[in-house]
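Asker: Provided below are the primary sequence and the corresponding predicted coordinates.
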Amino acid sequence: MIRWILLALLLSIAACRDTQTNPAKPGLLVVYATALREAPGEKSAELIQLEPGDPLTDLGQVSSFISGIILNDTLRNEPWLQVQTKGGRQGWVFAGALRPAGQDIKGVQQWALNKRFTAWFGPTLAQRWASWAQAPPPQNDSTAAVFFRQGLALRDTLNLIISRRVTRDPEQPLPDLFWLGELSPLFIVQQIAGGATYYLFTDYRVLAKMAAHTEGLQDDAFARVCTEVYPSDSIESVLPVWVFPVSAEAGRSNLGGGNHVKTLRSIDEALQAGDLFRPELLALKDRILEDISDKNSTYWQPQDKILAEVGKILKSDFKCLDDRDRIAMEARQKMFEAYADNGIVLNLRSGK
């Protein structure tokens with residue numbers, strides 16, 4: 001009897017260990033009649049027909065592309081998932097015909113968004129993005145700086161992938177990527193290049209709200225500068241406050257309008273709060289100076305206003321400017337004084 005009790009105990013321990021090392025795979029339910037296919041894609045061989053209510057096991061693999069398929073008179077753009085039937089048959093099913101078992105509407109939507117993200121950007125980046133996006137809110141300005149930089153690094157990677165994968169093809173509709181905004185706590189998805197592709201822009205309103213609930217004031221000061229740089233809606237764009245817009249995506253330097261001096265002063269004030277965001281603030285300073293000095297810049301204001309603002313910058317004791325910046329500004333000032341001889345185009349507001 002003791003021997004049988006010991007044997008049962010050993011079997012029970014083994015079963016527990018097996019459960020720990022082989023956790024149950026996520027369960028799925030078929031919502032629309034569909035086919036289990038040999039590989040992802042409608043052109044792949046059909047293995048068996050699946051009916052609504054059939055249970056499936058999610059094996060964790062997601063196709064590297066998204067298909068548009070009409071189900072119940074609705075076009076659904078989703079990837080393909082590798083699954084296993086109750087009878088042990090493995091294959092691929094269109095995700096738009098499935099839903100995760102035991103989830104409410106919000107859970108189903110989040111599941112679908114995560115699958116789309118994985119299809120577009122791969123499982124490794126999807127995991128990194130989810131870890132960042134679902135992290136607890138920063139508690140102080142130091143953790144806010146870390147959160148912001150991690151988000152920017154991930155955002156830049158996504159933008160690079162999008163720029164390579166989304167190209168204007170007159171024979172193909174532009175894929176919908178606005179759903180990315182639903183997965184981001186910090187970025188807004190907008191079309192750029194005349195609607196030819198997408199870009200994730202920083203929503204500084206979110207950063208400002210976050211900073212208002214953290215300890216420390218450095219993130220507040222940084223967010224304040226950024227919202228001043230994009231005053232219309234506090235969302236990053238290709239047209240900062242020192243640029244006069246001539247179209248939705250193009251502008252001319254508005255040097256002479258006062259915003260170059262104003263923004264440099266705000267950067268200086270933010271740096272006085274501390275150095276946590278110094279790299280980002282100095283990068284903004286460099287963009288302002290580039291707008292002033294770049295040989296390709298053209299200017300909206302007339303010569304007298306341009307010289308007045310450049311002179312004000314040189315007379316101001318801005319700590320964010322180093323000796324090299326001042327030397328460059330002095331050289332540019334001389335070029336503005338003889339703008340025609342130096343091929344500088346200004347006073348575009350006159351229409352001449």
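Answerer: All right, it came through fine.

Asker: the helix or strand hosting Ala112 packs against which elements?
Answerer: Per DSSP states H and E, Ala112 falls inside helix 105-121. Judged by 3 or more C-beta pairs under 8 Å, 6 or more residues apart in numbering; DSSP states H and E, the packing partners of helix 105-121 are strand 55-62, strand 74-78, strand 98-100, helix 123-133, helix 141-165. To be clear about C-beta, it is placed using only N, CA and C from the backbone, and glycine gets the same treatment.

Asker: ok, 6 Å please
Answerer: For helix 105-121, the elements it packs on are strand 55-62, judged by 3 or more C-beta pairs under 6 Å, 6 or more residues apart in numbering; DSSP states H and E.

Asker: and the next helix or strand after the strand it packs on, which residues are buried?
Answerer: Next helix or strand after strand 55-62 toward the C-terminus (DSSP H and E): strand 67-71. By 16 or more other C-beta atoms under 10 Å, the buried positions in strand 67-71 come out as 67, 69.

Asker: strand 67-71 versus helix 105-121: what angle between them?
Answerer: Calculated by axes from the mean of the first three to the mean of the last three C-alpha atoms, to 10 degrees, strand 67-71 forms an angle of 150 degrees with helix 105-121.

Asker: neighbours of Leu346, how many?
Answerer: Leu346 is flanked by 22 other residues according to other C-beta atoms under 10 Å.

Asker: with Val146 instead?
Answerer: 12.

Asker: which non-adjacent residue is nearest it?
Answerer: Distances taken as C-beta to C-beta, 6 or more residues apart in numbering place Pro138 nearest to Val146, at 7.5 Å, with adjacent residues excluded.

Asker: one more: Ala270?
Answerer: When the adjacent residues along the chain are set aside, Ala270 lies closest to Ala221, with 4.0 Å between them (C-beta to C-beta, 6+ apart).

Asker: please tell me how far that neighbour sits from Leu282.
Answerer: 14 Å (C-beta to C-beta, to the nearest Å).

Asker: related to what we said a few turns ago, ok, the residue nearest to Val146 touching Ala145?
Answerer: No - applying C-beta atoms under 6 Å, one finds Pro138 not in contact with Ala145, separated by 8.3 Å.

Asker: which one's more surrounded, Ala221 and Leu282?
Answerer: Ala221 (23 against 14).

Asker: doesn't the more buried one lie inside a strand?
Answerer: No - going by DSSP: H, G, I helix; E, B strand; the rest coil, the assignment for Ala221 is helix, not a strand.
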